[in-house]
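Enquirer: test case, fold it:
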Amino acid sequence: MTRKIFFAALGCLLMCQCNTMKSDCEALRIREAEIAKETPGDYYVGRRYWIPYTRFWGYLRKPGQSWRESKLVMMDERNCLTPDRGIEPPTEGAVFGTDNNVEYIVKGTYTGANAYDSGTNQVLPIFRPTSFKVRNNKPGYLFVPSEDYDPNYVTLRPVIMPTPQQCAQFR
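Expert: Predicted coordinates for the structure are as follows:
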C-alpha cells in the first residue's frame, strides 16, 4: 500500500513539473517573439535585480537578445548614478533597491574590467552607464513565469530557463 501511495505521489509531482515547464516554455516562446521585434540600437535592456547586501545592479542584454544571454553586472556610477541611488541599509531611512524588477533602457558601455561582489562571491563585469530610462515598471518575470524571487539569495539566473531543446518537446 505504501508503495502505491509513493508511486502515485511521484506521478503527480512529475505531471506538475511537466505542466509547469510546458507553461513556462509557452510563455517564453511568446516573450522571445516580442524580444525579436525590438528595435536594434546602441543601448541595453536592463532589469534591476536587488538583494540586500549585494553590490550587483541587475541583468543587461542587447536588444533582440534573449534574457538567457543576459549578464549580471556591477555598475560604475562615475558618469551616471543608478536610478534608485539613495541611502543604503542598515541606515535608518534606507531607500536603496526600491526599483527591484523595473526594466530600463540603459545606455553606456562595458568597461572590460570585472569586480568582486562579496555578498554573492562572484566576479562580475563592470558596466559604465550614461543614462537610464524606465521601459516598464511591472515587466513580470525575468527568466521564467514559475521563478521564485528570494531576497536572501541569488535565485534568478538564466540557467533556470528551460533550454530550447527542452521546450521543443511541447510544440
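
Enquirer: please report how far the residue sitting nearest the centre point of the chain lies from Arg68.
Expert: The centroid of the chain falls nearest to Leu142 when counting by C-alpha atoms, centre = their mean (4.4 Å). Leu142 is 11 Å from Arg68, where distance means C-beta to C-beta, to the nearest Å. C-beta coordinates here come from the backbone N, C-alpha and C atoms, glycine included.

Enquirer: Ser70: what's it in contact with?
Expert: Arg47, Tyr59, Leu60, Arg61, Pro158 (C-beta atoms under 8 Å, 6 or more residues apart in numbering).

Enquirer: tell me which helix or strand comes right after the helix or strand of the chain with the lowest mean pLDDT.
Expert: Of all helical and strand segments in the chain, the minimum by mean pLDDT, DSSP states H and E falls on helix 2-36, at a mean of 69. For helix 2-36, the following helix or strand on the C-terminal side (DSSP states H and E) is strand 44-48.

Enquirer: which stretch of helix or strand covers Leu124?
Expert: Counting by DSSP H and E, Leu124 is part of strand 122-136.

Enquirer: that strand to strand 44-48, inter-axis angle?
Expert: Strand 122-136 and strand 44-48 are oriented at 100 degrees to each other (axes from the mean of the first three to the mean of the last three C-alpha atoms, to 10 degrees).
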